[in-house]
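**Student:** A structural model of the following input is requested.
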Amino acid sequence: MKEKLLIYQVFTRLYGNRNTTRTENGTLAENGCGKMNDFSPKALKQIAELGMTHIWYTGIIRHATQTDYTRYGIPANHPAVVKGKAGSPYAITDYYDVDPDLAVDVDKRMQEFEQLVERTHKAGLKVIIDFVPNHVARQYHSVCKPEDVEDLGADDDPEQGFDPQNNFYYCPGQRFDPYFDLYHGQQEPYIEEPAKATGNDHFDNAPSKTDWYETVKLNYGVDYYAGRIGYFSPIPSTWLKMTEILLFWASKGVDGFRCDMAEMVPADFWRYATGIVKQEYDNLIFIGEVYNPYEYRRYLASGFDYLYDKVGMYDTMRSVICHNAPTSAITGAWQQTDDIRDQMLYFLENHDEQRIASDFFAGSAQKGMPALIASVLMQQNPFMLYAGEEYGERGMDREGFSGNDGRTTIFDYWSVDTLCRAAWKTLKADERRLYELHQKVFAIARKEKAVANGSFFDLMYVNGHLDRQYVFLRKAGSDLLLIAVNFDDRPVSIGVNLPAHAFDFLSIPEKKAIATDLLSGEKQSLELVKDGCVALKLESRGGSVWKINASKRK
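**Tutor:** Predicted structure coming up:
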């Protein structure tokens, strides 16, 4: 049976931190930091028992920070170009190094990462790490690169705004001069001359506060100054260097890369790099952060195995959860990517998005449960869970640079309340129930062949009377699942119409059957008749997964 990919995203710096000081804008010494060693065999076993197949360790590669590690030979970063005390994991300072915050012994940080990969594999899980290809920290400088590797920018001609063989874009004759007050008490100014272009395609010397001002854009041979003309022959220097970086981490035993802002890097590069990497590591997967639906198929054709389904399914599910759209919108969302449905990664939370339970989203984790059941079980494609989501983490802390925005910070030293209390076994009753429900849903996804390998049939086109419920079928062999979820805030009794076409398309026999709800264990007699109707009761913000033996009568 084909495996359903279930990815557990952990913000590595936060996951194992049990320090509850939680001082706003606190330092490493004040607020503490999680370590790679916190992912013990016991912790990894629990993640596997939740039903996960992969762990995405977010923030492994060394990035800019305000913490001083110069005694370990790691260059200091000017605080004016670091967001938060801990820094953003997407402002890489050395592609060949591990974030020292994550190590118990900083001098052995790479060894600790290699041991983490080994432990993860022993737990039956696969490892995904970030690859950040579009931009680096303003003070990027590799001190850990292999001797035969040239550093990014080492051979650049900074007098050229664009050159196909430069690694960066420049503003010749202009000093870096952001359009806001960059300094917060620092006496020594940050000097960059000529200024480099900023990571979010800002090509002058004066980014604003809302720009990715702490990063610089990498040059893949595209001349943005002349209207995005590509110069890809000879192969640009950046292509060669970034492919070597991918090969370096693949050699460490990782099983996949989540590629940050992949669509800001030309598809031609991805075709080149993934072809080389997969030739040597053929089971390695690439997950792309691509937000433009018109680009999905081009990036899949360039070597990506999976793409974020953010502007389609995520945005739709969020609207349905908040009662800003009817459940029929879910049908429209999957139809937009039906030809590539197995390659779309569904999720309800990640480090960029607000927590479901936050005041900025639904205000309650339970309100997201029907979306979870539907998102995990409706297709064969992967699903991603963000650590803490399974307990209803609210993300309502004011951590520092991040502010109180309903997200779990990626910039600050902090600890996550629900993860701490889960480790201490002091979760509230509703949080334990939420975890158990997640566990049941993922077990269905892993064990039921109708989910991992079966066909999908959306029933909404004959159930137009349902605007806060979503119903569909999954079938493989004689196993039939009738799945119904309720986004309403009250329990409901509904009639679900079963069209004749579903019986013909899925080869369902007409029969009376005893159905078992895989979530509650409840049993119910159902009559399967073409163009018939079955009556179901649904709890508020809940759902049912009715399993039916659909073998023909003898």
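**Student:** residue contacts, the closest residue to Pro266 other than its chain neighbours?
**Tutor:** Spatial nearest neighbour of Pro266, chain neighbours left out: Tyr220 (5.3 Å); criterion: C-beta to C-beta, 6 or more residues apart in numbering. Bear in mind the C-beta positions are built from the backbone N, C-alpha and C, glycine included. Contacts for Tyr220 were tallied using C-beta atoms under 8 Å, 6 or more residues apart in numbering; they are Pro236, Thr238, Trp239, Val265, Pro266, Phe269.
**Student:** mind checking pLDDT for Arg553?
**Tutor:** Per-residue confidence (pLDDT) for Arg553: 65.
**Student:** Select only the buried ones of the contacts of Tyr220 in PyMOL?
**Tutor:** The PyMOL selection below is limited to those of the contacts of Tyr220 classed as buried (16 or more other C-beta atoms under 10 Å):
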select buried, resi 236+238+239+265+266+269
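**Student:** okay, the residue nearest to Pro266: pLDDT?
**Tutor:** 98.
**Student:** Offset the numbering so it begins at 27, please.
**Tutor:** Got it, the first residue is 27 from now on, which makes the last one we talked about Tyr246.
**Student:** secondary structure class for it?
**Tutor:** Following DSSP: H, G, I helix; E, B strand; the rest coil, Tyr246 is assigned to coil.
**Student:** can the contacts of Tyr246 go into a markdown table with extra columns for pLDDT, secondary structure and distance to Lys473?
**Tutor:** Below are the contacts of Tyr246 laid out as a markdown table (pLDDT from 0 to 100; DSSP: H, G, I helix; E, B strand; the rest coil; distance: C-beta to C-beta, whole Å):
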| residue | pLDDT | secondary structure | distance to Lys473 |
| --- | --- | --- | --- |
| Pro262 | 98 | coil | 47 |
| Thr264 | 98 | helix | 45 |
| Trp265 | 98 | helix | 43 |
| Val291 | 98 | coil | 38 |
| Pro292 | 98 | coil | 41 |
| Phe295 | 98 | helix | 39 |
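**Student:** Looking at the contacts of Tyr246, which two lie furthest apart in space?
**Tutor:** By the measure C-beta to C-beta, Pro262 and Val291 form the most distant pair in the contacts of Tyr246, at 11.3 Å.
**Student:** thought Leu32 was touching Ser401?
**Tutor:** No - shown here, Leu32 and Ser401 do not form a contact pair, counting by C-beta atoms under 8 Å, at 11.2 Å.
**Student:** Check the contact lists of the two and give me the overlap.
**Tutor:** Phe409.
**Student:** contacting residues for the closest residue to Asp514 other than its chain neighbours?
**Tutor:** Distances taken as C-beta to C-beta, 6+ apart put Arg494 closest to Asp514, at 4.3 Å, once the chain neighbours are dropped. When contacts are counted by C-beta under 8 Å, 6+ apart, Arg494 touches His349, Pro352, Thr353, Asn512, Phe513, Asp514, Val518.
**Student:** In TSV, list those residues along with secondary structure and neighbour count.
**Tutor:** TSV is the format used below for these (DSSP: H, G, I helix; E, B strand; the rest coil; neighbours: other C-beta atoms under 10 Å):
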residue	secondary structure	neighbour count
His349	coil	14
Pro352	coil	19
Thr353	coil	23
Asn512	strand	27
Phe513	coil	29
Asp514	coil	20
Val518	strand	15
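**Student:** between these, which is closest to Lys304?
**Tutor:** Proximity of the contacts of Arg494 to Lys304 (C-beta to C-beta) peaks at Thr353, which lies at 38.7 Å.
**Student:** Quickly note the distance from the closest one to Pro525.
**Tutor:** Applying C-beta to C-beta, to the nearest Å, the value for Thr353 to Pro525 is 17 Å.
**Student:** where does the protein have low pLDDT?
**Tutor:** 579-580 (pLDDT under 70).
**Student:** what separates the residue nearest to Asp514 from Gly568, distance-wise?
**Tutor:** Counting by C-beta to C-beta, the gap from Arg494 to Gly568 is 12 Å.
**Student:** Repeat that for Leu411.
**Tutor:** Taken as C-beta to C-beta, the span from Leu411 to Gly568 is 18 Å.
**Student:** Next: Asn376.
**Tutor:** 24 Å.
**Student:** before we move on, the earlier item: for Leu32 and Ser401, indicate the residue with more neighbours.
**Tutor:** Neighbours were counted for Leu32 and for Ser401 using other C-beta atoms under 10 Å; Ser401 has more, 23 against 19.
**Student:** Tell me where the longest helix sits in this structure.
**Tutor:** Of all segments of type helix in the chain, defined using DSSP state H, the longest is helix 455-473.
**Student:** So which elements touch that helix?
**Tutor:** Counting contacts by 3 or more C-beta pairs under 8 Å, 6 or more residues apart in numbering; DSSP states H and E, helix 455-473 packs against strand 32-37, helix 67-76, helix 395-403, helix 443-449, helix 475-478.
**Student:** Now do the first one and helix 67-76, the angle between them.
**Tutor:** When you say that, I think you mean strand 32-37. On the basis of axes from the mean of the first three to the mean of the last three C-alpha atoms, to 10 degrees, strand 32-37 is oriented at 140 degrees to helix 67-76.
**Student:** Work out the gap between strand 32-37 and the centre of the chain.
**Tutor:** Centroid displacement of strand 32-37 relative to its chain, using C-alpha atoms, centre = their mean, to the nearest Å, is 7 Å.
**Student:** Next, count neighbours for Asn350.
**Tutor:** That count, for Asn350 with other C-beta under 10 Å as the rule, works out to 10.
**Student:** and what of Phe194?
**Tutor:** Going by other C-beta under 10 Å, the residues that sit close to Phe194 add up to 21.
**Student:** where's it relative to Ala117, distance?
**Tutor:** Phe194 sits 14 Å away from Ala117, going by C-beta to C-beta.
**Student:** For the residue positioned nearest the centre of the chain, which non-adjacent residue is spatially closest?
**Tutor:** The centre of the chain sits closest to Asn376, judged by C-alpha atoms, centre = their mean, with a distance of 5.2 Å. The shortest distance from Asn376 to any non-neighbouring residue, by C-beta to C-beta, 6+ apart, is to Tyr412 (5.1 Å).
**Student:** again, but for Gln392
**Tutor:** Closest to Gln392 by C-beta to C-beta, 6+ apart is Arg567, at 5.0 Å.
**Student:** Give me the distance between that neighbour and Pro292.
**Tutor:** For Arg567, the distance to Pro292 - C-beta to C-beta - is 43 Å.
**Student:** which of Leu411 and Gly568 has more neighbours?
**Tutor:** Leu411 (25 against 19).
**Student:** element containing the more buried one, please.
**Tutor:** Here Leu411, judged by DSSP states H and E, is contained in strand 409-412.
**Student:** what sits up against that strand?
**Tutor:** For strand 409-412, using C-beta under 8 Å, 6+ apart, the contacting residues are 30-35, 76, 78, 82, 371-373, 375-377, 401-402, 434, 464, 471.
**Student:** What residues sit buried inside it?
**Tutor:** Those would be Phe409, Met410, Leu411, Tyr412, for strand 409-412 by 16+ other C-beta under 10 Å.
**Student:** ditto for stretch 202-219
**Tutor:** Buried positions in stretch 202-219, judged by neighbour count with 16+ other C-beta under 10 Å: Phe202, Pro204, Leu208, Tyr216, Glu218.
**Student:** just stretch 339-353 next, same as before
**Tutor:** Those would be Met339, Tyr340, Thr342, Met343, Arg344, Val346, Ile347, Ala351, Pro352, Thr353, for stretch 339-353 by 16+ other C-beta under 10 Å.
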